[in-house]
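Trainee: below: sequence and its predicted model.
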Amino acid sequence: MSTHHVPKISQAELRVEIKKEYANVALDPTKGYHFHTGRRLAGILGYDEALYAGVPEANIASFAGTGNPFALGPINPGETVVDIGSGAGFDSLIASRLVGPAGRVIGFDMTDEMLKKARAGAAAMGAANVEFREGLAEALPLPDDFADVVISNGVLNMMLDKAATLAEWRRILKPGGRLQVGDILVEREVPADALDDISLWTG
């Protein structure tokens with residue numbers, strides 16, 4: 001009978017390393033990372049260019065997701081969307097156009113540089129229906145039954161306790177709400193030495 005290896009990494013350590021990595025992606029998106037970024041990545045992930053036409057180039061450049069939450073179902077006018085780990089705001093800004101003036105989008109991120117870039121993008125677009133707040137994916141400062149849709153892109157794979165994180169996302173969803181997540185799945189058990197390598201958790 002196999003037992004699950006508990007990574008020798010604390011949540012606090014992991015947050016520090018994630019913040020460092022994504023501060024760099026915000027400030028220097030073309031530096032070169034162990035993951036793709038920007039327009040090239042959006043193309044690889046199958047985003048329709050019409051979705052992000054009009055999103056400022058700076059916000060596109062720092063996009064660093066792992067999937068396409070919009071491929072999983074529609075975002076409808078008037079809906080409330082929460083984007084967890086919103087980064088430079090790429091997905092939030094797309095969602096703000098889809099929900100329209102009667103809808104609302106709240107993006108949460110823990111990296112100051114990403115929040116600053118996302119807010120600047122929203123201002124440049126005149127997107128009054130989107131806001132970006134500091135927050136943690138596993139402890140969202142929102143009431144129960146708040147969102148019609150929760151989107152997330154490349155965040156769940158960086159969480160140590162995925163079950164608890166998903167329970168938190170479920171908490172903020174309205175009854176009948178939708179979870180649209182783009183992320184990484186592995187089909188084989190991850191070796192213990194890889195689980196203990198913090199650099200493999202940050203992207």
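Mentor: Everything's here; your move. Numbers count the residues shown, from 1 in each chain.
Trainee: now do the helix or strand hosting residue 18: which elements does it pack against?
Mentor: According to DSSP states H and E, residue 18 maps onto helix 11-27. Under the contact criterion of 3 or more C-beta pairs under 8 Å, 6 or more residues apart in numbering; DSSP states H and E, the helices and strands touching helix 11-27 comprise helix 112-125. From N, CA and C alone the C-beta is placed, and that goes for glycine too.
Trainee: and the angle from the helix or strand following the helix it packs on to helix 112-125?
Mentor: Later in the chain than helix 112-125, the nearest helix or strand by DSSP H and E is strand 130-134. Here strand 130-134 points in a direction 170 degrees away from that of helix 112-125 (axes from the mean of the first three to the mean of the last three C-alpha atoms, to 10 degrees).
Trainee: which other helices and strands contact the longest strand along the chain?
Mentor: Selection of the longest strand in the chain by residue count, based on DSSP state E, yields strand 173-182. Helices and strands touching strand 173-182, by 3+ C-beta pairs under 8 Å, 6+ apart, are strand 147-153.
Trainee: send the alpha carbons of the strand it packs on over as CSV?
Mentor: Presented in CSV, the C-alpha positions along strand 147-153 are these (Å, rounded to 0.1, in the frame of the first residue of the first chain):
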residue,chain,number,x,y,z
ALA,A,147,-19.9,34.1,-7.7
ASP,A,148,-21.6,32.7,-10.8
VAL,A,149,-18.3,31.6,-12.2
VAL,A,150,-14.8,31.0,-10.6
ILE,A,151,-12.0,30.9,-13.1
SER,A,152,-8.4,30.1,-12.4
ASN,A,153,-5.4,29.5,-14.7
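Trainee: ok, residue 73 touching residue 178?
Mentor: Yes: between residue 73 and residue 178 there is a contact under C-beta atoms under 8 Å: 6.0 Å.
Trainee: which one of those two has more residues nearby?
Mentor: More neighbours surround residue 178 than the other of residue 73 and residue 178, with 18 against 11 (other C-beta atoms under 10 Å).
Trainee: quick one, what contacts that one?
Mentor: Applying C-beta atoms under 8 Å, 6 or more residues apart in numbering to residue 178 gives the contacts 72-73, 148-150.
Trainee: which of the residues you listed sits closest to residue 167?
Mentor: Comparing the contacts of residue 178 against residue 167 with C-beta to C-beta places residue 150 closest, at 12.2 Å.
Trainee: how many neighbours does the closest one have?
Mentor: Residue 150 sits with 25 neighbouring residues when counted by other C-beta under 10 Å.
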